[in-house]
Structures are given as C-alpha cells and as structure tokens.
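Give me the fold of what follows.
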Amino acid sequence: MPGQKLVLAGNGMAGIRCLEELIRIDPDRFNITVFGSEPYPNYNRIQLSKVLQGDTSIDDITLNSWSWYESNGIRLYPGETVTEIDTKNHYVRTDKNRITAYDQLILATGSHPFVLPLPGAEKKGVITFRNIRDCQKIIDYSKNKKTAAVIGGGLLGLESARGLLNLGLNVTVVHKSPYLMNRQLDQTASHLLQLQLEKQGMHFLLNKQTVAITGDESVDGLTFNDGDHIEADLVIMAVGIRPNCKLAEDCGIPVNRGILVNDFMETQVSDIYAVGECAEHHGVCYGLVAPLYQQAQVLAKHLCRRNTEGYTGSTTSAKLKVSGVNVFSAGQITETEQTKTIQSYDGWRMTYKKIFVEDGKIKGAILFGETHEGTRLTGLISKQAPVEDYLNAGSTQESEADMVATMSDDEIICGCNGVTKGTIIQAIKEKGLTSVAQVRACTNASRSCGTCRSMVADLLKMTIGDKFDSTKKEEPICTCTTMTRDEVVADIRKMGLTNVREVMHVLDWKNKNGCSKCRPALNYYLNMVNPTGFKDDQESRFVNERLHANIQMNGTFSVVPRMYGGVTNADELRKIADVADKYQVPMIKLTGGQRIDLLGVDKENLPKIWKDLNMRSGFAYAKSVRTVKTCVGENFCRFGTQDSIGMGIKLEKRFEGLYTPHKVKMGVSACPRNCVETRVKDIGVIGVQGGWEIYVGGNGGTKLRKADLLCKVKKSEEVLEYAGAFLQYYRESAKYLERTSAWVERVGIEHVREVLSDKKTRDELNQRIDEALSTIRDPWQSVLDDRETQKKLYQKVYAGETDHQ
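Residues are numbered from 1 along each chain as shown. Below you'll find the predicted structure:
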C-alpha cells in the first residue's frame, strides 16, 4: 500500500540504515517521519573517538546529510524525542507534544551509557562518552585541566584515553579486570596492547575497583576498594552501555535486557518493530555495527514484503584500531577442556595470533598487530568451518588479493557497513563501476573507517581486470563533491573565489560544511591561486598549523626554532637552554634536519617560549618549506668544492614559510659524497667543480625514492631560479598532501625538465612565487601580536601577564 505512514523513533545508524534499504527496495512505499533526540543528522558514532582525538571533525563523520532526508521526502524532527506510544490508536507523542500517527513504527532508540552508582558520580567533571554532546563536553571541560581518569579499560575507555592525551592531559585508565579489553582479547594480546599504549603515555591501574569519586562540587580524584586514591580533574565513565528500552517498557511492549524481537525484528505488539542496540534477539543484545546493519536489512525486506529468511543472529567480530594499534577478535575467545588452539607469537614484530578450535571446527580467533586474516576468519567462524579449511589455505603466505578472490559472495568485505563481496561485485557489474570512490558511493563499502579500501580495489581488479587501471578516473577531492582537484582549482580561478565557505557554496558541495579532507585542501588551493586576496580559514587547517607546533603522542607539543642552514651561535644556544630550564622542557633533541627540538611543551606555554626565545618559527609543523640541511662545505671540508652552508642559508631565507601541498625538505652538499643525504630530499643541491647539480623528487621516508637530476647550473643565482620555478610548478599542479616524490613520479621528470627548460616560464613561475612569499609573516610573532588568538587557542593567556615579565 503506497503511502503507508512509517515512523522511526531514533535517528541513529541502525534505524537510518533500515530506511536506506527501504528506499532502495521500494522508494514510494512509505511516507517516512523520523524523530531524533540529538540535533544532528545521522552520524557515524563509532568515529566519535577520532573527533575527540582531533583526527577528524563532526562534519566529517556525518553519514546522511540534511539534504539526504529532504531529497528522499523524509520528515526529520531533530532534537525531538518520542516519549509516548499509543499502541491502540497507532500514534506517538514527543517531548514537544507533537502527535504523529503511524501504520508501522520502528523503535531504534539505541542505548545509553551505564553510570556506576558511586558516591560522587553526580559531580561536575564526571562525564560519559556516548554522543556528540559528550564529546564536546569533554573537550570544553578539559581546558586548563591536567589529570584525567578513565573508568573502564574496554575499547571505548581506551579510545577516550587516547583523546584525552591529545588534549594535553595526564591520563590513567582504571579497570577492574586484570587485563585490558577482556571481552575481546586474552591476556597475551592484552599485554601487548598495554605495552604499546604505555609507550603513547597512558597509565594503567588494573584489578582496581572504584568505590568513590571525590571532590566538592567538582571531581578531584578516585578512591578504590583497597584504600588507594588518585588525583583526577576529569573522570570519564566508560563501563559499558545498556539498551534504551524505557519507551517500549512504558507502553507495555515486552522487554528483558532489551526490546524482545523475533527473527523479523517484530516486537510482541503488532506493527511495532525494534532494531539496533535497543533490540534483544534470542537473548542477545548487539553493540557492533555489522549485526545492527544485518538486522536493518532484514527488517527493510520484511516491511517491503520481500522474501527473507529472517535474522538468525551474528558472529560478533571486531577488527579495530585501538589508538593506532591493530587488533581483531571474533567468536569464542575462552578455552575449555575441549578447546585446542593454533598460536603464533612474535615478540620482535609485536604480532600474535590465537585460533580456537573445538571438535575440529574453528570457533574463534584473536589477532594482534597483523589483522589481514580477520575477514576470512570471521567467515570461517560463522560457518563453523573445519580447521582444515584454514590450514589448507596457506593463510600466512597468502596475499590479500588471493584471500579476497577465494572468499564467498556472502562474506563481509566492509564490516563497518555490512557490505558483502557479492554486493560489491554485483554493483560493479550492473552499474559499470571502475573506481573505489564509485563503489563507496554506490554500496557504502569503505565509507566509514576505510580499512577495507584495499580489498575493494582488489575486487575491482578481479571483476573488471585491466579496465580497473585503464578506465580509472581521477577521484573527487572528497565525498562532499564530485569535482576533481583540477576542476575545483579551475573554478576558483575562473570565478575569483576567495574563501573556503564560498567555494563550498558556489560549487554546490553536498555537505555544506565540508569535511576534514576537503577543507584543508580548499584552503591551500585558494592560497595558491590568489595569495594576496584569499581569506585564510584557520578552522580548515590541521591542528599543527593552527597552533604552529607539532602535537606529540602524549598531547604535548614540540618547538623547533629557525636555524638557517642548520647554523646557530652561542647566544641562540643560551636562549634555548634558558627556556628549557625555565619551562622544564623534558627533552631536547637534535633533529635529522640539523635543528634543535624542544619536546614535551604544554600548549599554554607555547607563546611564552616563543617570546623568550625571540627566534623565528622553524615551520617544522606545517605543509610548507621546512629546513635546508647543509654540510660544512669548502670553508672547512677538504673535499668541499662549493660553499654549501652559504647556499643552504640563501635557499632557506628565500623560501622560508612558503606553503606547499606537503612538507618540503632540502639539502645542500658541497661535493658528491652527499653527507646530508641530498639525493633523498625534495630538492637536493650538490656542489661539483664549476657549478651545481640540482636533484628533485627524493624521499627518505617510508616510501624511499632517489631524487632525479633536474639540471646542472654554474651560478648560485641559477640554483635559486630553478628551485623557485620547481617549487611553484609543484605548488600549482600537485594535489594537496602529494609529496614531490609522488608528484614527480606521476607527471614524469622529463615533463618537469621540459617545462622548466624555458627561461620565460621560469621567470613567470618565480614572479608568482614572489607574490606568495610577500604575504608570509612569522607565525609565532603573529600570535604574540594577537591577544585574541592567544585567548582562543592557548588556554592560559600569555597576554594577561604583565609587560615586565
């Protein structure tokens, strides 16, 4: 019956996934109304920890934009909660006294965080971590705080702790179990995880039971059952979740731990269904996204009267990245007398595998460090496959591509969104998809965490063969738009656009606020196109560039002052030493770029240190020209043929602070011995008899690349000319976050040589780089000159100190 009234109570991932499936199957069947307690469209809750950690933004984790609801004819009432259901007369009432009739009602009310009933749990500074509001509360409250405690050593607790470290707090995780993540890992894997997290700066109190939260109005610590006490300015409760089934219970729908449902997600009241974390199916409430999406797909088919076998339960599996550490867990992870195990442990590589076998069948698995087998193991566990199926596959030597090829069509490729191999292959064939981006847009595979992206690429290669490479088109700069980098830059030039929001509005971005991928890129492209006219958007810069310092693993920052060509003097060294003593800098390190790095600086001390140093920023945090490394040259080395120090200083002063698509490092050697690794620099200059050789596109990082010879010149001025032309051509034609090494490989060194061989072209490029350089000010001094920026970004306000300090 077209036009049936469908009401969804809950605007979260499970409920909206059900609507996506309904719209896909039969888009005209229902008139849909959605009520969501939060004032946001549907977002990816499992990515909230990345928002807290500063790795992404709230906009970037939005799964369904406001326009999605509008374009699909869905009435959304954000910030409005269903409080009453009249099951007899088929209507719901909300907390705003809105009454809405329904023919079918889906309850997707999710869960709420469990709060331990401890004395002091109501104090200010005791916060749960479940939604965007919690995330913002933690960020706001943590300002000017020094210590935090996280109660709970599960996944959410550890992710919270990582976020608190990034916010600059000293963090202790309190867990009543003897080891971390005890529901997903065994003691061996947990111990390896603890070692890795301790290196990041986390502290742990295991086998500790909290009995009280202390403090007056605000929290100041925790007390344990053994009498111990720790100080804490902030406490995060991360001890689990409870299904939110109060609405159902109040209106007489049977509940147990969750809302009771059958295999078709029907409650025991006609025309009312439940899906997601609030539902209890055969005694189990699921909290992972894959089972919830499976439930949503079953319910959508059932509502559309399509054949479905129903939901029969899920093998719970979790392929996770806990604070950057890969772990995997699936099925049974405890041993009985009947259990046999297959194990491997590599203490050097920090990898561990344990597979649980009973009656010759695979029952469960734990992987640590190396988790590529996780997808296959989940399928084998779900099927209760014989152990021989795993052993005969030669799993440890099998490539990911081979593994994907042998997977069955019903096995999950994208665990976050529950997308199977068969679904992806069908979409590739039926819709002619040729890129990962197209598969993502069509099926949701790789839409969330992105760890399955390489398997999606393998499926494309397997399905369309050579067409994957030959027909692959340049991807859009992000999922907010279909436009490529070149199209965006061309429109910025043509339309004279000057700021990020203007670009997103004029070019009709799907997500009107952009995301953490496109906003920094747009900000750079605007700067590159019109350096004197563009309006810098600080909020579109990465945290390091906003704060002009590199954030470290423990949430502190590093300070690297400018030393042209790696040369310093006694006065500068004294100032650095005095600053290190005054602010108790925990480590002073010589960098690979011949600079001095002050590590472990608290954020509020950054402006104070910059003022006391009275040195220019070394730009060690920015996507910009950074350092020019030099050898001692002809003035001191008996092999030197040129003044490498002088040339290095000229290069560094010439291009100081120039913003580029990615970081740029340079080196100058006075002879072919290359004492400063010139051949693995973005620009490397080597002194030879009678002149200089200029090399470009080198990389000494994880993707090692030997630089290509660009040209040979005789004069120092020519080095500066070619270096300027190369940098500007790179700035104008590279993608944002593309290193010179990748750019040179993509466009070809012969092409670069050809472009720069023309004197007129070099002059034009240098004129444009001069325009860009004319706008650059020392960022440290700019902060010192701007009291509002200090108040906004650096917490404890340096400007409030008296002038004589």
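
What segments of the stretch 601-750 of the chain are strands?
For the stretch 601-750 of the chain, the strands defined by DSSP state E, counting those that start in this stretch occupy 625-630, 664-669, 683-688, 691-696, 708-713.

per-residue confidence at the residue nearest to residue 26 when sequence neighbours are not counted?
Leaving aside its chain neighbours, residue 26 sits nearest to residue 304 (4.6 Å; criterion: CB to CB, 6 or more residues apart in numbering). Just so you know, the C-beta spots here come from the backbone N, C-alpha and C atoms, and that holds for glycine as well. Looking at residue 304, its pLDDT stands at 94.

so who does residue 304 touch?
22, 25-26, 29 (CB atoms under 8 Å, 6 or more residues apart in numbering).

ok, those vs residue 143, which is closest?
Using CB to CB, residue 22 is the member of the contacts of residue 304 that lies nearest residue 143, at 43.5 Å.

Show residues contacting whichever strand or helix holds that closest one.
Element membership for residue 22, per DSSP states H and E: helix 13-25. With contact meaning CB under 8 Å, 6+ apart, helix 13-25 is reached by 6, 8-9, 29-30, 32, 34, 42, 44-45, 63-64, 72, 74, 106, 108, 110, 275-277, 289, 292-293, 295-297, 299-301, 303-304, 306, 417-418.

one more time with 7 Å, if that's ok
For helix 13-25, contacts defined as CB atoms under 7 Å, 6 or more residues apart in numbering pick out 8, 29-30, 32, 42, 44-45, 63-64, 72, 74, 106, 108, 275-276, 289, 292-293, 295-297, 299-301, 303-304, 306.

of those residues, buried ones?
For the contacts of helix 13-25, a burial check counting by 16 or more other CB atoms under 10 Å picks out 8, 29-30, 32, 42, 44-45, 63-64, 74, 106, 108, 275-276, 289, 292-293, 295-297, 299-301, 303.

what comes into contact with the host helix or strand of residue 754?
If you go by DSSP H and E, residue 754 is part of helix 749-756. Contacting residues not belonging to helix 749-756 are listed as 697, 708, 710, 722, 725-726, 729, 744, 761-762 [CB under 7 Å, 6+ apart].

And the residue nearest to residue 26, how far from residue 278?
Applying CB to CB, to the nearest Å, the value for residue 304 to residue 278 is 22 Å.

With residue 426 instead?
Separation of residue 426 from residue 278 (CB to CB): 31 Å.

The two: who's more crowded?
Counting neighbours by other CB atoms under 10 Å for residue 426 and for residue 278 shows that residue 278 has the greater number, 29 against 14.

so what's the more buried one up against?
107-111, 243-245, 258-259.

Also residue 724?
Counting by CB under 7 Å, 6+ apart, the residues that residue 724 touches are 765-766, 769.

mind checking the end-to-end distance for stretch 598-610?
Distance between the two ends of stretch 598-610: 11 Å, counting by CA to CA, to the nearest Å.

any idea how far that stretch is from the chain center?
Taking CA atoms, centre = their mean, to the nearest Å, one finds stretch 598-610 lying 25 Å from the centre of the chain it belongs to.

and what of stretch 380-396?
33 Å.

same check, this time on stretch 377-390
Stretch 377-390 sits 32 Å away from the centroid of its parent chain (CA atoms, centre = their mean).

Out of the buried ones among the contacts of helix 13-25, list just those in strands.
Using DSSP state E, the subset of the buried ones among the contacts of helix 13-25 located in strands is 8, 30, 32, 106.

I'd like the next helix or strand past the lowest-mean-pLDDT helix or strand in the chain.
Least confident helix or strand of the chain, by mean pLDDT, DSSP states H and E, is helix 467-470 with a mean of 57. Next in sequence after helix 467-470, counting helices and strands by DSSP H and E, comes helix 485-495.

which of the residues in that next one are buried?
Within helix 485-495, judged by 16+ other CB under 10 Å, the buried ones are 485, 488-489, 492.

Next, the contact list for the nearest residue to residue 698 once chain neighbours are set aside, please.
Distance criterion CB to CB, 6+ apart; nearest residue to residue 698, sequence neighbours excluded, is residue 707 at 3.1 Å. When contacts are counted by CB under 7 Å, 6+ apart, residue 707 touches 679-681, 684, 695-698.

switch to 8 Å and redo it
So residue 707 contacts 678-681, 684, 695-698 (CB under 8 Å, 6+ apart).

about what we covered before: any chance of the ones in strands among the buried ones among the contacts of helix 13-25 in TSV, with pLDDT too?
Converted to TSV, those look like this (pLDDT from 0 to 100):
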residue	pLDDT
8	98
30	94
32	96
106	98
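
Which one of those residues is nearest to residue 185?
The shortest approach to residue 185 among these belongs to residue 106, at 34.5 Å (CB to CB).

For that closest one, name its beta-bridge partners.
Under DSSP bridges, the beta-bridge partners of residue 106 are residue 8, residue 273.

Low-confidence bits of the stretch 251-400 of the chain, can you list those?
321-324, 393-400 (pLDDT under 70).

Run through the strands of it in chain order.
Going by DSSP E, counting those that start in this stretch, the stretch 251-400 of the chain shows strands at 259-261, 272-274, 279-281, 317-322, 325-331, 340-346, 351-358, 361-368.

Ok, which of those comes nearest residue 162?
Closest approach to residue 162 among those (CB to CB): strand 317-322, 8.1 Å.
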